[in-house]
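1. Sequence and predicted structure below; questions after.
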Amino acid sequence: NSLSIGESNLEFIKEAAKFFVRNKIPKMEVSVNVFADGREMIQDFTTDTAALLTAIDAINLTNIPGTDLYTAAIEGLQQWNDTYSLTDINQGFMLLFTDGRDLAGRNTLTDVLTLRGNKQVYTVGVELNPNDFDRNALELIGNAGTFIDSDFTNLTTRFEEVKEQLESFSNSFYWLNYSSAS
């Protein structure tokens with residue numbers, strides 16, 4: 001929600017996010033966060049589509065300059081743990097969107113990658129200015145997939161691609177049971 005996005009581009013971002021939420025997997029929990037010079041949680045994890053849409057609509061541009069991308073990624077990654085058991089699978093994913101690169105220097109790319117480990121992250125970037133954009137960092141962080149565009153008009157398509165990949169992943173689990181005849 002940094003000033004570099006601009007009001008009209010913020011609307012493209014909000015529409016893409018709302019598309020994602022409206023079309024999410026029914027039991028999927030989603031958290032809405034924004035960042036500029038720091039991360040702010042707008043809505044904690046919930047399956048409540050209406051609450052998520054309200055949270056997205058409430059996002060405004062901040063007047064604080066800067067992009068603390070790495071801290072936002074780290075704090076986002078700390079929001080969940082992947083767990084697997086015989087009765088439950090909790091697999092998290094992060095969808096990280098930016099139009100810039102880390103400018104704050106509070107954390108490093110190595111810090112993000114270390115914390116990320118095997119957690120799955122999709123990165124979506126809009127490269128308006130090559131001097132203010134780090135494609136390599138987004139590709140390294142985005143171990144589940146990276147999408148880079150030159151404007152904001154394709155965001156809904158990118159978010160739809162992420163949603164489709166998540167649906168495919170969620171449908172890839174099967175329970176196998178064995179019962180001995182004796």
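-> Nice, thanks for sending it over. Numbering: from 1, shown residues only.
2. Run through who's touching the helix or strand bottoming out on mean pLDDT in the chain.
-> Counting by mean pLDDT, DSSP states H and E, the weakest-scoring helix or strand in the chain turns out to be strand 89-90, with a mean of 84. Applying C-beta atoms under 8 Å, 6 or more residues apart in numbering, the set of residues contacting strand 89-90 from outside is 80, 81, 82, 83, 84, 173. For the C-beta atoms, the positions are set from N, CA and C on the backbone; glycine is no exception.
3. One more pass at 7 Å, please.
-> 82, 83, 173 (C-beta atoms under 7 Å, 6 or more residues apart in numbering).
4. For whichever helix or strand comes after it, what is the distance to the chain centroid?
-> Sequence-wise, the next helix or strand downstream of strand 89-90 (DSSP states H and E) is strand 93-98. Taking C-alpha atoms, centre = their mean, to the nearest Å, one finds strand 93-98 lying 2 Å from the centre of the chain it belongs to.
5. ok and the helix or strand hosting residue 20 relative to strand 93-98, angle-wise?
-> According to DSSP H and E, residue 20 maps onto helix 7-22. Interaxial angle, helix 7-22 versus strand 93-98 (axes from the mean of the first three to the mean of the last three C-alpha atoms, to 10 degrees): 170 degrees.
6. Any stretches of the chain with poor pLDDT?
-> The chain contains residues with pLDDT under 70 at 1-4, 182.
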